[in-house]
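Trainee: okay, structure incoming, though there's no sequence with it:
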Ligand code: SAM
């Protein structure tokens, strides 16, 4: 096995590599490489991998984190959309590296096939543009692909939403979605100078550790998440008005809210997971 010895901290080495291969960085895919070795080492440590681990990395780029993940001995499946970067990973970086596998294409479309064949990995890590990152996280949780741990580098604002508790300004439907199966904390902030090129937003790393006892029983999770979507569908509307999207008569909505101890005028962001679960169970009666 021969893992490529490339200096991922050197902007001139990265620029030369891209030039030699007729490649560039694409804004559209949020391509900002991590060039800080201590930051990459810390993210790798947060992943907590060993030889027995199966890990997915979404958006490996040219492999700054991938190389470190591979060195733990873990089995790494990398999902990359940029065909030029894929060529570098396949033909230069990890030729004959047995614990590396590349899935080329849009991870939002490709991950499910791997999941259906092989089940959830032990770990997922990614450094993705925030729009792709939040859609990806929502998608794995909604499809009940639940690794023991996930480590994401994202725009700080998105990490704040993931970690928000009820009552926090950032608390949203996304906080609930990411919180029912995982305990989440911001492990570190990353300065924009740690990336090449530097993004003009702040970044943070969030660690999502699977709960031993999920806040919602697995058999009710999908119905619960559908209800969360309905409750948060229009932020300015109150709970009663958002529930009308379920096609229920107003009297039924009022009686269910009353039974659940929720004021019709309440906003969804004031509801706890327990209250939404009670509401779900009363709606089903
Ligand atoms: N992991 C590398 C690092 O930390 O230096 C690169 C991170 S860069 C912020 C984001 C990477 O995600 C790029 O390589 C980009 O091409 C890739 N990417 C963006 N959207 C993607 C998608 N939908 N599916 C797979 N990869 C994607």
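Mentor: Received it, and whenever you're ready, just let me know what you need. The shown structure was predicted, so the numbers you read here are calculated from the model rather than taken from an experiment. Numbering: from 1, shown residues only.
Trainee: what residues does the closest residue to the ligand within the chain make contact with?
Mentor: The ligand sits closest to residue 59 of the chain, with a gap of 2.3 Å, by CB to the nearest ligand atom. Just so you know, the C-beta spots here come from the backbone N, C-alpha and C atoms, and that holds for glycine as well. Residues near residue 59 by CB atoms under 8 Å, 6 or more residues apart in numbering: 29, 30, 79, 80, 81, 107, 126, 127, 128, 132.
Trainee: first-to-last residue distance for stretch 66-80?
Mentor: 11 Å (CA to CA, to the nearest Å).
Trainee: buried stuff in that stretch?
Mentor: For stretch 66-80, a neighbour-count test (16 or more other CB atoms under 10 Å) marks 66-70, 72, 74-80 as buried.
Trainee: please list the residues of the stretch 1-150 of the chain that sit near the ligand.
Mentor: Counting by CB under 6 Å from any ligand atom, the residues of the stretch 1-150 of the chain close to the ligand are 29-34, 58-61, 64-65, 79-82, 85, 106-108, 127-129, 132.
Trainee: and residue 80, what pLDDT?
Mentor: On the pLDDT scale, residue 80 is placed at 97.
Trainee: do I have it right that it meets residue 106?
Mentor: No. The criterion here is CB atoms under 8 Å, and residue 80 misses it with residue 106 at 9.7 Å.
Trainee: the helix or strand containing residue 228 packs against which elements?
Mentor: Assessed by DSSP states H and E, residue 228 sits inside helix 218-231. Helix 218-231 sits against helix 130-142, helix 173-179, helix 239-243, helix 273-284, with contacts defined as 3 or more CB pairs under 8 Å, 6 or more residues apart in numbering; DSSP states H and E.
Trainee: and residue 195, which of those helices is closest to it?
Mentor: helix 130-142 (13.6 Å; CB to CB).
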